[in-house]
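Student: got a predicted structure plus its sequence, pasted below:
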Amino acid sequence: MTEQEINPVDEHRRWTQELKLAADEDKKWQKRGDKIVKRYRDERQGWSDTGKRYNILWANIQTMLPALYGRTPRAQVERRWKDKDPVGRTASVILERALQYEIDHYGDFDNTNKHAVLDRLLPGRGTAWVRFETKEVAKAEVIEEPTEDVMGEQPDMTYECTPTDYVFWKDFRCSPARTWDEVTWVARRIYMTRGDGVKRFGEDFKEVPLAHEPIGLDDLSKAGASQAEQESLKKAIVWEIWSKGNKRVYWVAEGHNKLLDSKEDPYGLDNFWPCPKPLFATQTTDTLVPVPDYALYQDQSEEIDMLTQRIGMLTEALKVVGVFDASQPAIARMLNEGVNNTLIGVDSWAAFGEKGGLKGTVDFLPLEQVVNALTHCYTAREQAKQVVYEVTGLSDIIRGASMASETATAQQIKSQYASLRLKRMQTEVAQFCSELLRIKAQMMCDLYSPESLIEMSGIMGTDDAPYAEQAIALIKQEPARSFRIEVAADSLVEMDEIGEKQSRTEFMTAFGAVLRDAVPMVQAAPEMGALVGEVLQFVVRTFKGGRQLENVLENTIAKMNEPKPEKEAPPDPEVVKAQAAMQLEQAKQSAMAQTEQFKAQNAQAIEAAKMQHALELEQIKQQAETERAQMRAQIDAETKLQIAAMNAQAAEKPAVTMAVDGKDQLNQVGEEVKAMASQAVAGVDAQAQAITQAMAMLADAVQQMNRPKRRMVERGPDGRAIGVIEINEGE
């Protein structure tokens, strides 16, 4: 049906009639619910004229409420099949963290569940509603002295959220049906001010009458409040109707003659409705109208109230009342004055004694009958309470009461019996919370931006960051995400710390036992590593606390199962023996060839060394002769110069002195020349001697190589041949 085909007037008339039929269906139930709520609140006209009451309804509700909803549920998103799927695991973590952020940050989820469970226990039906909205965060305040880093105005930021609204038990309606599967539409009542309505529906909302008046408006009118002030407190009544048949949403206002708005399916949820199945009390298969729990034991509750009232009256009658002889006014002073350790005088003592003293002048009202009746009333009330506890399933264990004479086995039986009675209701509450989380999760997957999901989950700061992009793609892909991940709420019953510790201990015991047996198995047979790894992962995935270890365990097992280089098989002894013989023969031939080659090389080296030695010796001799001739020439030249110098000085000194000095100097020069020549010859002789020694060592080495040798097989520690060695004969 398109927008042009919708007639606002006809649709308004149709839905007005549908809402009226649903209201008629719930009319009796709502009246009963009002009475139950008043009884729970113990509202009465006065405290003196209504008698005594025993509010067992309040006591039962206060016991049942924490048993059904003990704490705020936590989101739990897991892989559906718990197998190795890093992308599915990362998607589960992203979605779980995003859900948990909204549960912790907004607080509406916890309050909505509390109110819904309380409505389930009192009138018999609790409802909640999920909606999607986009919020804007105001831009940052403008800096008075902007710096160069601040360029222009900062834009407003928007983010998505999915608030969970509590729906009052009178503000919810659905199509009359026998079971929830037959329901075709659901609706909730909203109260809107004039400004909110105009903002949402436009100027047409100004024609909607403000039919809802808050309690106490008449008192404000009498107190002199203006008409404008009174109008500002009034609200319009708008019904939001979700029709599953044509997948449309309608908005109808009471007192208005046409539709306010109509839209196609805005969320695309799997079940279309943005609300889970309500929490219902006792139901039959002929109607959805529930029967409140209190209606099932209201007669016993009235009996308890009647007995409580009688107990109060008997308690008031339980007092000392009597008569006395008026002629003895002193008797009255004994009770009225109440003086301790004081004697009261009596006139005419003789006459007082003749009447029997106090026994003859005073007579009290007998209290035995009152005490007996009071005792029976207490007993009857306790029996009536036990009947109520049997009807409601509230055993002594749940109420925290027990008898000292009861054994542990008896208390355990009571606890198990009570658990059977409460288990169904606890399961219904858990399913209700889980369905709310599934609706929120689906809205997040379809309507939230990838940036919002990543920021809310903080996944980029974890080890799963490499899978974030693929995980977001999986979250946005429908129905693939439903095949691989599922959303639920954890247990809602108050957790027992001892049970939590025991659960962790069981996990460590099971994991440690498997690991202790697995390590020797893998060491003995490495091919069993893959099987052992799967067994370890199977154990870890069974326990919720093992999820934190799963990623590390998967990486460790993957590294352990990487292919390793195969070890060579031990060689065959016969093959080794043959190879050793072959290697020995090859070694012999190689040694002989090397020996012959070495001999030839040595002969060539010796001959070359001899020739080199002779050449170098000849060169040294020639060099020494040359140096000797040069020195002689130099000495002759210097001698001639000195003789010339001495001849020049002869004219000044006597001839004999000059001859002697010149001769001595000539002799000194000759000695120096001889010493220099001797050193040169000694250097040449030392070099020749070194060459001679080298030649002798080379000849000795050749002689050692030419000596006959004996070959021996070298064996290792295990006795196997590992090589061949040669030993000279005679060693």
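Tutor: Here it is on my side, so go on. Numbers count the residues shown, from 1 in each chain.

Student: gap between the nearest residue to Y467 once chain neighbours are set aside and S434?
Tutor: Distances taken as Cβ to Cβ, 6 or more residues apart in numbering place T90 nearest to Y467, at 4.0 Å, with adjacent residues excluded. Every C-beta, even on glycine, is put in place using the N, C-alpha and C of the backbone. According to Cβ to Cβ, to the nearest Å, T90 and S434 sit 22 Å apart.

Student: these two: who's more crowded?
Tutor: Set side by side, T90 and S434 show more neighbours around T90, with 26 against 20, by other Cβ atoms under 10 Å.

Student: surely that one is in a helix?
Tutor: Yes: according to DSSP: H, G, I helix; E, B strand; the rest coil, the state of T90 is that of a helix.

Student: show me the contacts for the residue nearest to Y467.
Tutor: I459, D464, Y467, A468, Q470, A471 (Cβ atoms under 8 Å, 6 or more residues apart in numbering).

Student: wait, doesn't the third one sit right on D85?
Tutor: So that's Y467. No: look at Y467 against D85 with Cβ atoms under 8 Å: they stay out of range, at 9.8 Å.

Student: for the two, indicate the residue with more neighbours.
Tutor: Y467 (21 against 17).

Student: ok, that one to Q426 distance?
Tutor: For Y467, the distance to Q426 (Cβ to Cβ) stands at 36 Å.

Student: repeat for D517
Tutor: On the measure of Cβ to Cβ, D517 and Q426 end up 38 Å apart.

Student: of these two, who's got more company?
Tutor: Q426 (17 against 11).

Student: which residues does A128 contact?
Tutor: Counting by Cβ under 8 Å, 6+ apart, A128 touches T112, N113, A116, T164, D165, Y166, V167, C275, P276, F432, L436.

Student: try it again at 7 Å.
Tutor: Under the criterion of Cβ atoms under 7 Å, 6 or more residues apart in numbering, the contact list for A128 reads T112, A116, T164, D165, Y166, V167, C275, P276, L436.

Student: buried among the residues you listed? Need that as a selection in ChimeraX.
Tutor: A single ChimeraX command suffices to select whichever of the contacts of A128 are buried according to 16 or more other Cβ atoms under 10 Å:
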select :112,116,164,166,167,275,276,436
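
Student: returning to what we had before: tell me the spacing between the residue nearest to Y467 and E451.
Tutor: Noted for T90: a distance of 16 Å to E451, by Cβ to Cβ.

Student: ok, the helix or strand harbouring K135: who's next to it in the sheet?
Tutor: Element membership of K135, judged by DSSP states H and E, is strand 133-137. Sheet pairing of strand 133-137 (DSSP bridges) gives strand 157-161 (antiparallel).

Student: quick check: what element follows the strand it pairs with along the chain?
Tutor: Taking DSSP H and E, what comes next after strand 157-161 is strand 164-167.

Student: how about residues contacting the helix or strand just after that following strand?
Tutor: Beyond strand 164-167 on the C-terminal side, the first helix or strand identified by DSSP H and E is strand 172-174. Contacts with strand 172-174, where a contact means Cβ under 7 Å, 6+ apart, come from L19, A22, A23, T127, V183, W185, V186, A187, R188, P278.

Student: ditto for stretch 295-303
Tutor: Contact with stretch 295-303 is made by R32, I56, L57, T282, A384, V387, V388, V391, T392, as judged by Cβ under 7 Å, 6+ apart.

Student: K31: neighbouring residues, count only.
Tutor: K31 - counted by other Cβ under 10 Å - has 10 other residues nearby.

Student: per-residue pLDDT, it?
Tutor: As predicted, K31 sits at a pLDDT of 96.

Student: just say helix, strand or coil for it.
Tutor: Taking three-state DSSP, the label given to K31 is helix.

Student: tell me how far it lies from A593.
Tutor: In terms of Cβ to Cβ, K31 sits 121 Å off from A593.

Student: and M306, helix, strand or coil?
Tutor: helix.

Student: can you get me a residue count around it?
Tutor: With other Cβ under 10 Å as criterion, M306 counts 18.

Student: cool, the one 5 residues further on as well?
Tutor: Residues contacting I311 under the criterion other Cβ under 10 Å number 18.

Student: now it: closest residue in space that isn't a chain neighbour?
Tutor: Distances taken as Cβ to Cβ, 6+ apart put C377 closest to I311, at 4.8 Å, once the chain neighbours are dropped.

Student: isn't G197 right up against A236?
Tutor: Yes: look at G197 against A236 with Cβ atoms under 7 Å: they come within range, at 5.7 Å.

Student: shared neighbours, the two?
Tutor: Contacts common to G197 and A236, judged by Cβ under 7 Å, 6+ apart, are V208.

Student: the helix or strand containing Y101 vs strand 157-161, what angle?
Tutor: Element membership of Y101, judged by DSSP H and E, is helix 86-106. In terms of direction (axes from the mean of the first three to the mean of the last three Cα atoms, to 10 degrees), helix 86-106 departs from strand 157-161 by 100 degrees.

Student: report the buried residues of helix 86-106.
Tutor: Buried residues in helix 86-106 (16+ other Cβ under 10 Å): 86-103.

Student: what does the helix or strand that comes right after that helix rub up against?
Tutor: Downstream of helix 86-106, the first helix or strand assigned by DSSP H and E is helix 108-121. The contact list for helix 108-121 (Cβ under 7 Å, 6+ apart) reads 61, 64-65, 68-69, 72, 103, 125-128, 163-166, 169, 279, 281, 293, 429, 432-433.

Student: can you rerun that using 8 Å?
Tutor: Contacts of helix 108-121 (Cβ under 8 Å, 6+ apart): 61, 64-65, 68-69, 72-73, 102-103, 125-128, 163-166, 168-169, 278-281, 293, 429, 432-433, 436.
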